[in-house]
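Trainee: Sequence unavailable; structure follows:
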């Protein structure tokens, strides 16, 4: 019983810390009701991903089994499409549905907050499942790597989606389309790189992963700080 409580705390703590940090950077705080809604949206995205992954595994069991033993094209397809694109697209759909046309979305930084809360809802489901299965070592590694990874990818998603909204208001349909595509594609590619390096047995790729994850954290945090400091009059009119 004590261990179960410990695993649960280790699974939830990084979600609370990162969510609170991103929330504090928002000069015009978002209503808690929309943040709760987005967090639930992230949980629904996780459930959607689990169902889609289950269907894919049932339809292509041989491919999935072989992909996990391969460092080539099969692993690439598995990590970038089956994992990366499926997870990020699920998050994106609930993020878009729950926040893109919401009247509270009136500053560019808002979408970063929304995207992060969806990612945290997703991450807490994933984290609880992994931590209960893997124990203390998995909990610690996910505390410092996986959860910040989800948040970092969410920052990129929110960054591009916020500018898609701005392009819509300025009647720049060409830019809107580009930003929409980037809001899905960039996090999916980053997620694919993350999983490809982790699931590969190649020591060089594992070393590349260290450089990649540190760069990802740095660039995401840089974007977050920059957008949190935009002038107060830099607003989005619905």
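Mentor: Nice, thanks for sending it over. Just so it is clear, the structure is predicted and the values come from calculations on it, not from any experiment. Residues are numbered from 1 along each chain as shown.
Trainee: can you map out the helices along the protein?
Mentor: Counting by DSSP state H, the chain has these helices, from start to end: 2-24, 32-59, 61-67, 73-77, 86-95, 108-134, 136-141, 147-169, 173-199, 203-228.
Trainee: Could you export these to a markdown table, including columns for mean pLDDT?
Mentor: Listed next are these as a markdown table, based on pLDDT from 0 to 100:
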| stretch | mean pLDDT |
| --- | --- |
| helix 2-24 | 82 |
| helix 32-59 | 94 |
| helix 61-67 | 76 |
| helix 73-77 | 88 |
| helix 86-95 | 97 |
| helix 108-134 | 91 |
| helix 136-141 | 80 |
| helix 147-169 | 93 |
| helix 173-199 | 94 |
| helix 203-228 | 95 |
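Trainee: and of those, who's closest to residue 101?
Mentor: helix 147-169 (9.2 Å; C-beta to C-beta). The C-beta positions use only the backbone N, C-alpha and C, and glycine is treated the same way.
Trainee: The closest one packs against which elements?
Mentor: Helices and strands touching helix 147-169, by 3 or more C-beta pairs under 8 Å, 6 or more residues apart in numbering; DSSP states H and E, are helix 2-24, helix 86-95, helix 108-134, helix 173-199, helix 203-228.
Trainee: State the number of residues packed around residue 29.
Mentor: Residues contacting residue 29 under the criterion other C-beta atoms under 10 Å number 10.
Trainee: Check residue 156 too.
Mentor: Around residue 156 there are 23 residues (other C-beta under 10 Å).
Trainee: related to what we said a few turns ago, minimum distance to residue 162: which of the helices and strands packed on helix 147-169 has it?
Mentor: helix 108-134 (3.8 Å).
Trainee: in the closest one, what's buried?
Mentor: 108-128, 130-131 (16 or more other C-beta atoms under 10 Å).
Trainee: returning to that earlier point: using CSV, lay out the helices and strands packed on helix 147-169 together with distance to residue 65.
Mentor: Output for the helices and strands packed on helix 147-169, formatted as CSV (distance: least, C-beta to C-beta, whole Å):
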stretch, distance to residue 65
helix 2-24, 28
helix 86-95, 18
helix 108-134, 19
helix 173-199, 13
helix 203-228, 20
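Trainee: closest one to residue 77 among those helices?
Mentor: That would be helix 173-199 among the helices and strands packed on helix 147-169, by C-beta to C-beta, at 9.6 Å.
Trainee: Could you tell me which residues within the closest one count as buried?
Mentor: So for helix 173-199, counting by 16+ other C-beta under 10 Å, buried means 176, 179-180, 182-197, 199.
Trainee: any idea how far the nearest residue to residue 14 once chain neighbours are set aside is from residue 79?
Mentor: In this structure, residue 14 finds its nearest non-sequential neighbour in residue 147, 4.1 Å apart by C-beta to C-beta, 6 or more residues apart in numbering. Computed as C-beta to C-beta, to the nearest Å, the residue 147 to residue 79 distance reads 19 Å.
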